[in-house]
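**Q** I'd like to go over a predicted model; first the sequence, then the structure.
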Amino acid sequence: MRWTCKSERTLAAELQAQGHQVGRETVGHLLKQMDYSLQSNRKTREGQNHPDRNSQFEYIHQQCKKFIRQKQPVLSVDTKKKENLGNFSNKGRSYRNKKNPVTTNTHDFPDPKLGKAIPYGVYDIANNLGFVNVGIDHDTAQFAVNSIRVYWQELGLARFPKATRLLITADCGDSNGYRTKLWKIELQKLADELGLEITVCHFPPGTSKWNKIEHKLFSFISKNWRAEPLKNMATIVNLISNTKTTTGLKVCCVVDEKKYERKIKVANKELENCRIKLHKFHPEWNYTIKPKNFL
């Protein structure tokens, strides 16, 4: 029975094979009396916790408090789930006239003409301000850093004209992962361009859902476009831009039409040329990149 679908019919058939006179409905009543119910899987296990998981959370919290107290920008960044553009079903429900659902394609095969949307988010923690750069190509380290660059040009510089430092909190994998050499190379270029010290603090493996952007920005974007087919890029941009909350969240959204090369190899020598200062506490997760044109 361990490897069998445990439906009421299957259980009744197994019992009948053992000589019991029982039907599907009776099995259902008996299961209910025994406090059994139909249940789906629940994602609660995060795998093996890193021993310094909580300490890293506290370290990130202290860094954020320090930067905000000194009126320096603190950003939470990440890539939202890629979305295929087209008349495809989207999770959730919305109010409509009775018996008038939105009709969508019966299949979810990607449309090569419409392409896909890759939303990279930047969330200003202190000001409850979201920025989303929607790419059309690949989620690479260059794309991630360029999203931060565009955020700074569009919103950050005007909001923090006297900034000398920038704190970024990110998860530990994908385009902005702590093991991604290109991520650090591109951040060095950004630090040189902006003349800012860039400090990065990564969340431990398996804890990305605790990153502020997940529950302060992405969750509300998903709510705003629930049950709405993401037919084209204009739909994506409008739905993201019109995401608001009762706590005052505002979101700006732009489209990034650049092409980004995948699997760019970075030599160790290139990384050695970066001005990276490792923190004493978990230097693999916490580091500061200084501009080369500043002492």
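**A** Sure, I can see it. Please read these numbers as outputs of a predicted model, since none were measured by experiment.

**Q** count residues in the vicinity of Trp210, would you?
**A** 16 (other C-beta atoms under 10 Å). Every C-beta, even on glycine, is put in place using the N, C-alpha and C of the backbone.

**Q** same question for the one 10 residues further on.
**A** Using other C-beta under 10 Å, Phe220 is surrounded by 18 other residues.

**Q** quick check, it in a strand?
**A** No - in this structure, Phe220 is helix, not part of a strand, as judged by DSSP: H, G, I helix; E, B strand; the rest coil.

**Q** can you give the strand pairings for the longest strand along the chain, parallel or anti for each?
**A** Longest among the strand segments of the chain by residue count, using DSSP state E, is strand 116-124. Applying DSSP bridges, strand 116-124 is found paired with strand 74-79 (antiparallel), strand 83-84 (antiparallel), strand 129-135 (antiparallel).

**Q** which one of the ones you listed lies nearest to Thr288?
**A** strand 74-79 (13.9 Å; C-beta to C-beta).

**Q** in stretch 145-165, which residues are buried?
**A** Residues of stretch 145-165 classed as buried: 145-152, 155-156, 160, 163, 165 (neighbour count, 16 or more other C-beta atoms under 10 Å).

**Q** before we move on, back to that, worst average pLDDT in the strands paired with strand 116-124?
**A** The minimum mean pLDDT among the strands paired with strand 116-124 belongs to strand 83-84 (a mean of 94).

**Q** quick one: contacts for Leu167?
**A** 63-64, 67, 72-75, 199-201 (C-beta atoms under 8 Å, 6 or more residues apart in numbering).

**Q** just the ones of those residues in strands?
**A** Those of those lying in strands (DSSP E): 74-75, 199-201.

**Q** surely Ile289 is in contact with Ala191?
**A** Yes - if you go by C-beta atoms under 8 Å, Ile289 and Ala191 touch, sitting 5.0 Å apart.

**Q** who touches both of those two?
**A** What both Ile289 and Ala191 touch, as defined by C-beta under 8 Å, 6+ apart, is the set 197-198, 275.

**Q** which of these tops the neighbour count?
**A** Ile198 (23 neighbours).

**Q** what are the buried residues along stretch 99-114?
**A** For stretch 99-114, by 16+ other C-beta under 10 Å, it's Leu114.

**Q** who's in contact with Asp139?
**A** 79, 82, 118, 120, 174-175.

**Q** actually, Gln16.
**A** Val22.

**Q** which element is it on?
**A** Assessed by DSSP states H and E, Gln16 sits inside helix 8-17.

**Q** would you put the C-alpha positions of that helix in CSV?
**A** Presented in CSV, the C-alpha positions along helix 8-17 are these (Å, rounded to 0.1, in the frame of the first residue of the first chain):
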residue,chain,number,x,y,z
GLU,A,8,-11.3,5.4,-1.1
ARG,A,9,-11.9,3.1,-4.1
THR,A,10,-8.5,1.5,-3.8
LEU,A,11,-8.8,1.0,-0.1
ALA,A,12,-12.2,-0.5,-0.5
ALA,A,13,-10.9,-2.9,-3.2
GLU,A,14,-8.0,-4.0,-0.9
LEU,A,15,-10.4,-4.6,2.0
GLN,A,16,-12.8,-6.6,-0.3
ALA,A,17,-9.9,-8.7,-1.4
